[in-house]
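1. No letters, just coordinates:
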């Protein structure tokens, strides 16, 4: 039996809710990707060119420190996040950089009120050195039904 993890970063709680539901459906462990320095409302102001999130997202090498790290013995890892600037937040990149081993399946999912998933799956594939199988991700809007998530799990063959 495959060991599964749902890792997520959530700035507003929307991604957290989706992550918790996926973990319940998949009977997976749950891990919150928590920045060592929490984001404030001002940090998340995407209209401010000097806000922390804007500065981080404009630096492709930025890796904000995170709290903790899950065990590395998972076969399947769902990775959830809000879409920022058309991709995963830099704090998620920190988590991805910490993954070791080979052959894991990475399944990204995101929440967004309007932005699409773009080439995020390909970015994640490149970030992880192509040592994992990164599936095409799924985007969800502000709310998603448990039934829709179950359908997605069936499509994935989970």
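-> Arrived safely, thanks for sending. Note that the structure is predicted; figures quoted are calculated from it, not measured. Numbers count the residues shown, from 1 in each chain.
2. how far does stretch 29-39 stretch from start to finish?
-> End-to-end distance for stretch 29-39: 24 Å, by CA to CA, to the nearest Å.
3. Next: stretch 53-72.
-> By CA to CA, the extent of stretch 53-72 from end to end equals 28 Å.
4. buried sites along that stretch?
-> 53, 54, 56, 57, 63, 64, 66, 70 (16 or more other CB atoms under 10 Å). Heads up, the C-betas are built off the backbone N, CA and C, glycines and all.
5. so where do the strands sit in the chain?
-> Secondary structure of the chain, counting by DSSP state E: strands at 4-8, 29-32, 34-35, 66-67, 76-82, 105-111, 133-134, 138-140.
6. packing partners for the fourth one?
-> Looking back up the chat, that one is strand 66-67. Under the contact definition 3 or more CB pairs under 8 Å, 6 or more residues apart in numbering; DSSP states H and E, strand 66-67 sits against strand 34-35, helix 90-98.
7. Any stretches of the chain with poor pLDDT?
-> Low-confidence segments of the chain (pLDDT under 70): 142.
8. Just name whatever secondary elements the lengthiest helix in it is in contact with.
-> What stands out as the longest helix in the chain, according to DSSP state H, is helix 14-26. Packing partners of helix 14-26 (3+ CB pairs under 8 Å, 6+ apart): strand 4-8, strand 29-32, strand 76-82, strand 105-111, helix 146-156.
9. out of these, which comes closest to residue 135?
-> strand 105-111 (4.9 Å; CB to CB).
10. which neighbours does that closest one have in its sheet, and in what orientation?
-> strand 76-82 (parallel), strand 133-134 (parallel), strand 138-140 (parallel) (DSSP bridges).
11. tell me which residues in that strand are buried?
-> Buried residues in strand 105-111, defined by neighbour count with 16+ other CB under 10 Å: 105, 106, 107, 108, 109, 110, 111.
12. how about the fifth one, what does it touch?
-> Applying CB atoms under 8 Å, 6 or more residues apart in numbering, one finds that residue 109 lies in contact with 18, 22, 78, 79, 80, 137, 138, 139, 140.
13. which one of the residues you listed has the most neighbours?
-> Comparing the contacts of residue 109 by number of neighbours (other CB atoms under 10 Å), residue 80 comes first, having 30 neighbours.
14. Skip the chain neighbours and tell me the closest residue to that one.
-> Counting by CB to CB, 6 or more residues apart in numbering, residue 8 is the residue found nearest to residue 80 once chain neighbours are left out, at 3.7 Å.
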